[in-house]
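In: When you get a sec, could you give me coordinates for this:
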Amino acid sequence: MADLPLPGTFELHTNDGKARAGTLHTAHGPIQTPIFMPVGTVASVKGLHPHEVREEVKAQIILANTYHLYLRPGVKVVETAGGIQEFGKWRGPMLTDSGGYQVYSLAQNRKLSEEGATFRSHIDGSKHLFTPESVMGLQRKIGADIIMAFDECPPYPSTYAYAKTSMGLTHRWLDRCISSFSENECPHGYEQMLFPILQGSTFPDLRKQSAEFVASKDLPGNAIGGLSVGEPAHEMYPVVEQVCEILPKEKPRYLMGVGTPANIIECIARGIDMFDCVLPSRNARHGLIYTREGSISIKSAKWANDHSPIDDGGPCATSQLHSKAYLRHLFHAKEALGGQLATIHNLSFYLWLVGQAREHILAGTFTSWSKDILPKLDRRL
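Out: Predicted coordinates for the structure are as follows:
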């Protein structure tokens with residue numbers, strides 16, 4: 001029997017234009033790209049059992065967050081459980097965000113310095129310090145397969161001067177992350193990957209500098225941060241296209257926090273391999289349902305007597321079993337099952353969408369397929 005590829009190995013199978021299909025190998029199994037990662041911030045995809053995430057949503061990898069796990073339940077609890085997979089009983093690959101974005105979102109309650117970021121907990125107001133070294137140590141103990149470098153995410157809009165200063169800080173922090181990561185091992189006995197994050201706001205020369213800097217570190221993958229922070233899509237797409245031309249083709253490219261179904265297809269077309277976003281689950285809890293023909297506001301009266309499936313022939317059993325009328329009823333009755341079924345459906349839709357993209361890339365039909373599906377993805381039914 002042939003030896004399995006080592007964790008961190010990325011196999012690029014084929015391209016269709018700039019769109020790519022590959023396989024990223026981790027200590028907890030392979031990930032077929034392009035891929036969408038459901039967000040499980042506190043080691044839980046909100047409202048769903050791990051079995052549902054695996055078997056019905058068909059997720060291959062999920063994301064958790066260092067900042068939130070650090071505050072609650074505390075990283076020591078996760079470490080003594082045997083790591084994040086054992087703690088949450090998710091039997092597959094995981095990624096942890098470093099907490100940089102959460103520190104960014106606490107702009108009124110944090111202070112940046114060369115050392116790191118001092119912030120106050122959103123839970124109890126207690127004061128804490130994250131440094132590149134401490135964040136690497138925390139993620140080693142949490143035990144995700146892919147861990148992210150600690151960065152500073154500039155807001156949108158940013159001045160050129162702020163974005164340049166912020167990018168320099170992120171680069172210096174990256175060097176410290178790499179040193180700390182190399183000096184320590186995962187206490188759980190398996191290989192982890194460190195991904196750097198490039199920044200630069202929407203300024204092409206800064207994005208070029210940052211992409212070249214992170215690419216020079218020759219880490220197993222590269223992430224693009226600082227997008228989906230309020231900028232319009234017509235500013236995001238050129239940044240994605242520009243940096244994908246610079247980042248090495250033999251490494252996976254992860255676009256952080258993006259986005260709508262249309263965003264995902266547009267960015268796959270520009271060379272992105274990995275995505276995460278809270279939109280499908282958050283919007284599900286508020287009654288916005290994605291389907292292959294467009295999106296639905298399920299609380300609307302127009303669905304009150306519509307007994308057709310949520311998405312006939314859709315991406316999962318939930319989509320095909322339950323009717324629009326029933327799902328609307330659950331929302332209006334404030335029944336928790338409504339949010340749960342909607343979340344299963346929306347996440348399944350996202351995984352179906354990237355799975356379809358992969359199939360069409362492998363078949364050489366991605367370009368024509370994407371032109372057909374994009375107008376539907378932006379349609380409100």
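In: looking at this structure, which helix or strand is least sure?
Out: Across the helices and strands of the chain, mean pLDDT, DSSP states H and E gives its lowest value to helix 100-105, namely a mean of 77.
In: Go ahead and name everything in contact with it.
Out: Contacts to helix 100-105, defined as C-beta atoms under 8 Å, 6 or more residues apart in numbering, come from residues 65, 67-68, 110, 117, 119, 130, 148, 150-155, 197, 225, 256-257. Just so you know, the C-beta spots here come from the backbone N, C-alpha and C atoms, and that holds for glycine as well.
In: Extract the CA atoms of that helix and return them as PDB.
Out: What follows is helix 100-105, C-alpha atoms only, in PDB (Å, rounded to 0.1, in the frame of the first residue of the first chain):
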ATOM      1  CA  GLY A 100      -6.500  38.900  14.900                       C
ATOM      2  CA  TYR A 101      -9.900  39.700  13.400                       C
ATOM      3  CA  GLN A 102     -11.600  39.600  16.800                       C
ATOM      4  CA  VAL A 103      -9.100  42.000  18.200                       C
ATOM      5  CA  TYR A 104      -9.700  44.200  15.200                       C
ATOM      6  CA  SER A 105     -13.500  44.100  15.900                       C
END
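In: where does this structure dip in pLDDT?
Out: For the chain, applying pLDDT under 70 flags the ranges 1-2, 107.
In: how about a cut-off of 80?
Out: In the prediction, the chain carries residues with pLDDT under 80 at positions 1-4, 101-109.
In: so what strands line up beside whatever helix or strand comes next after the least confident helix or strand of the chain?
Out: Heading C-terminal from helix 100-105, the first helix or strand you meet, by DSSP states H and E, is strand 110-112. Partner strands and pairing direction for strand 110-112 (DSSP bridges) are strand 117-120 (antiparallel).
In: Quick check: what element follows the partner strand along the chain?
Out: strand 127-130.
In: Show me which positions of that following strand end up buried.
Out: For strand 127-130, burial by neighbour count (16 or more other C-beta atoms under 10 Å) applies to His128, Phe130.
In: Mind giving me the packing neighbours of that strand?
Out: Applying 3 or more C-beta pairs under 8 Å, 6 or more residues apart in numbering; DSSP states H and E, one finds that strand 127-130 makes contact with helix 66-71, strand 117-120.
In: Just the buried residues from the contacts of helix 100-105, in PyMOL please.
Out: Selection of the buried residues among the contacts of helix 100-105 in PyMOL, burial being defined by 16+ other C-beta under 10 Å:
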select buried, resi 65+67+68+110+117+119+130+148+150+151+152+153+154+197+225+256+257
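In: would CSV of the helices and strands packed on strand 127-130 with distance to Ala233 be doable?
Out: Below are the helices and strands packed on strand 127-130 laid out as CSV (distance: least, C-beta to C-beta, whole Å):
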stretch, distance to Ala233
helix 66-71, 27
strand 117-120, 29
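In: Tell me which of those lies nearest to Leu377.
Out: Comparison of the helices and strands packed on strand 127-130 against Leu377 by C-beta to C-beta identifies helix 66-71 as nearest, at 30.1 Å.
In: ok, residues contacting the closest one?
Out: With contact meaning C-beta under 8 Å, 6+ apart, helix 66-71 is reached by 41-43, 75, 78, 84, 96-99, 102-103, 121-123, 128, 130, 135, 138-139, 142.
In: Drop anything exposed from those residues.
Out: Judged by 16+ other C-beta under 10 Å, buried ones among those: 41, 43, 75, 78, 84, 96-99, 102-103, 128, 130, 135, 138-139, 142.
In: So which of those belong to helices?
Out: Val75, Val78, Ile84, Gln102, Val103, Val135, Leu138, Gln139, Ile142 (DSSP state H).
In: What degree of burial does His51 show, as a neighbour count?
Out: The local packing count at His51 equals 11, with neighbours defined by other C-beta atoms under 10 Å.
In: Trp90 versus that one, what's the distance?
Out: As defined by C-beta to C-beta, to the nearest Å, His51 lies at a distance of 10 Å from Trp90.
In: if I pick Ala232, what's in contact with it?
Out: Actually, residue 232 is Pro. It isn't Ala. With contact set as C-beta under 8 Å, 6+ apart, Pro232 has no partners.
In: Quick check: it vs Leu48, distance?
Out: Taking C-beta to C-beta as the measure, Pro232 and Leu48 are separated by 32 Å.
In: Then His307?
Out: Applying C-beta to C-beta to His307 and Leu48 gives a distance of 25 Å.
In: Between the two, which is the more surrounded one?
Out: Summary of the neighbour comparison: His307 and Leu48, criterion other C-beta under 10 Å, with Leu48 having more neighbours (22 against 9).
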